[in-house]
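K.L.:
Provided below for reference: sequence and predicted model.
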Amino acid sequence: MRLIQHFIDGVEVGGVGDARQAVFDPSLGRPQAEVVLGVFEDLDEAVRSAKAAQPAWAATNPQRRARVMFEFKRLIEENMESLARLLASEHGKVVSDAKGDIQRGLDVVEFVCGVPHLLKGEFTTGAGPGIDVHSMRQPLGVVAGITPFNFPAMIPLWMLAPAIACGNAFILKPSERDPSVPVELAKLAIQAGLPAGVLNVVQGGKPVVDAILDHPDIKAVSFVGSSDIAQQVYARGAAAGKRMQCMGGAKNHGVVLPDADLDQTVADILGAAYGSAGERCMALPVVVPVGAATANALRAKLVDAIGGLRVGVSSDPDAHYGPVVSAQHKARIEEYIEMGVAEGAELVVDGRGFSLQGHEEGYFLGPTLFDHVKPGMRSYHDEIFGPVLQIVRAETAQEAVALASEHQYGNGVAIFTRNGDAAREFAEQVEVGMVGINVPIPVPVSYHTFGGWKRSGFGDLNQYGMDGIRFYTRTKTITSRWPKGGAVTDQSFVIPTMK
Ligand code: NAD
């Protein structure tokens, strides 16, 4: 069986530990490979390699670093088809969606191709007599990223591209459930001209995460995953004095005002709720129609549209979505469906019991729809992360804003309306980090920045965009004085002021 290894100092290595974990093909419901599970010594080896390589990489001028990024981008594009198929076979998302996963990461690589400009500091001439002030952004040194299973290309690229372009060495700890693509990306980076050691991949689970958080030579850690773990990782890393950014779970609401174009809205909600089997942190698993007439009309159209959805294996070009990632995750989603029924929500479409002929062992779930879901229910409060859409009816637009604002998560939210005033007010008031106006999945473009509020994000700086550059650099400010003619100025025992 194929063995997925660490990638340290420019080569694939098995590491010191002998523990391994099966990597499944969710469409078939059986193992297709094994991944090595690292221990502290493997991480330490990666840190040593990174520490040795980082100073020379940081001293490489930013334009040359950008050229490596340009070539990295070209190589990823050249290998798009094989990367997408590998990604889909481990994750379960359909190949077209896997290409989107890679493309959204590539957008960030493209953004950091402009790193010479992004790293420019500020300059003030004549801040005082003979005094100039300038600032520079310097890399932190060795930094690390810990990523979830649901975007095995995009999220590693969100992190590693700005980190490396800024002159750091980066250690990636990918999800153990779909670990192949991150290694392939690291190989392409080396092929693009990145020196060995600047990008290392260490496979594993919690022991490697703990080793990253405790290692004194790792200066910053970026984490994306579920909220409880994000919060623990944030606390442990911050206590060790590291710079931390930890993105967590989500439960995004789609508010539908009575004046929305319902056909377009239903098409948008369908893709956002069920695409990638609902395993996106920017999925739209909750829809909030305002007023009974909107709710009834929306529900009827949703039921019709759900009937036309095709669930298939990840390589099926006509499938709208594929299996969920694992048998355990499928069982967990089914428990939430059971819970919704027990809590008194109306199960309108039940996706349990779905079976795909010839793939009976695959982790498939049909699309599920609940109506009359209420804020007090645990199935509403928790993130389900599956192809389950919940209708929560609201009487007024204010009630809809309050629902999204008061939810524990605050990653994304969308509003569907033709009313510009209402949309503008909604965007201003709602307590959520990313807002879509007639845009169901408002993942910001790479030159803006990605981050949720409340339990969807711990830390101050977002992913990518200028926040990504800020996260992976620190500012140094230099104040210099060149007195004319070398004249000696009077002694002063007071704090210098620019009189
Ligand atoms: P997860 O929290 O189980 O795992 C994330 C990472 O943490 C993995 O690398 C995993 O190996 C590691 N890990 C697992 N258990 C750990 C522990 N006890 N201690 C330390 N590390 C541990 O998340 P997942 O199931 O891989 O991904 C899905 C979750 O990620 C969802 O909650 C989803 O909303 C969230 N997510 C958030 C964003 C965002 O930007 N906000 C983006 C994508 C996914």
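P.N.:
In hand now; what should we look at?
K.L.:
residue contacts, residue 354?
P.N.:
Residues counted as contacts of residue 354 (CB atoms under 8 Å, 6 or more residues apart in numbering) are 311, 364, 365, 366. Using the backbone N, CA and C atoms, a C-beta is placed for each residue, glycine as well.
K.L.:
Contact partners for the nearest residue to residue 23 once chain neighbours are set aside?
P.N.:
Spatial nearest neighbour of residue 23, excluding adjacent residues (CB to CB, 6 or more residues apart in numbering): residue 33 at 4.3 Å. When contacts are counted by CB under 8 Å, 6+ apart, residue 33 touches 1, 2, 3, 4, 22, 23, 90, 180.
K.L.:
how about these in CSV, adding distance to the ligand?
P.N.:
As requested, those are exported to CSV (distance: CB to the nearest ligand atom, whole Å):
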residue, distance to the ligand
1, 21
2, 20
3, 18
4, 14
22, 15
23, 13
90, 12
180, 14
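K.L.:
Mark which of those are buried, thanks.
P.N.:
Burial by neighbour count, judged by 16 or more other CB atoms under 10 Å, picks out 4, 23, 90, 180 from those.
K.L.:
tell me which of these is nearest to residue 276?
P.N.:
Ranked by distance to residue 276 (CB to CB), the buried ones among the contacts of residue 33 are led by residue 90 at 13.5 Å.
K.L.:
so who does residue 44 touch?
P.N.:
Counted by CB under 8 Å, 6+ apart, residue 44 has contacts 211, 215.
K.L.:
ok, 10 Å please
P.N.:
By CB atoms under 10 Å, 6 or more residues apart in numbering, the contact list for residue 44 reads 16, 38, 202, 211, 215, 217.
K.L.:
Looking at the record's assignment, how would you partition the chain?
P.N.:
What automatic domain parsing lists as the domains of the chain is 2-248+456-478, 253-437.
K.L.:
Redo the ones you listed as a markdown table? Include mean pLDDT.
P.N.:
Shown next, in a markdown table, are the domains of the chain (pLDDT from 0 to 100):
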| stretch | mean pLDDT |
| --- | --- |
| domain 2-248+456-478 | 98 |
| domain 253-437 | 98 |
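K.L.:
And residue 436, how far from residue 320?
P.N.:
According to CB to CB, to the nearest Å, residue 436 stands 20 Å off from residue 320.
K.L.:
could the domains of the chain be laid out in CSV, adding distance to residue 493?
P.N.:
Shown next, in CSV, are the domains of the chain (distance: least, CB to CB, whole Å):
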stretch, distance to residue 493
domain 2-248+456-478, 18
domain 253-437, 48
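K.L.:
Any idea which of those gets closest to residue 443?
P.N.:
Closest approach to residue 443 among the domains of the chain is made by domain 253-437 (5.2 Å; CB to CB).
K.L.:
Is the one helix or strand residue 288 maps to positioned near the ligand?
P.N.:
Element membership for residue 288, per DSSP states H and E: strand 286-289. No: figure legend: strand 286-289 not in contact with the ligand (CB under 6 Å from any ligand atom); closest approach 13.6 Å.
K.L.:
That strand pairs with which strands?
P.N.:
strand 253-256 (parallel), strand 388-391 (parallel) (DSSP bridges).
K.L.:
ranking those by burial, who's on top?
P.N.:
Comparing these by mean neighbour count (mean count of other CB atoms under 10 Å), strand 253-256 comes out on top with a mean of 27.
K.L.:
thinking in terms of the whole chain, how far from its middle is it?
P.N.:
Centre-to-centre, strand 253-256 and its host chain are 22 Å apart (CA atoms, centre = their mean, to the nearest Å).
K.L.:
before we move on, what about stretch 305-323?
P.N.:
With CA atoms, centre = their mean, you get 24 Å for stretch 305-323.
K.L.:
measure that stretch end to end?
P.N.:
19 Å (CA to CA, to the nearest Å).
K.L.:
Can I get the contacts of residue 354 in CSV including secondary structure?
P.N.:
Converted to CSV, these look like this (DSSP: H, G, I helix; E, B strand; the rest coil):
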residue, secondary structure
311, strand
364, coil
365, coil
366, coil
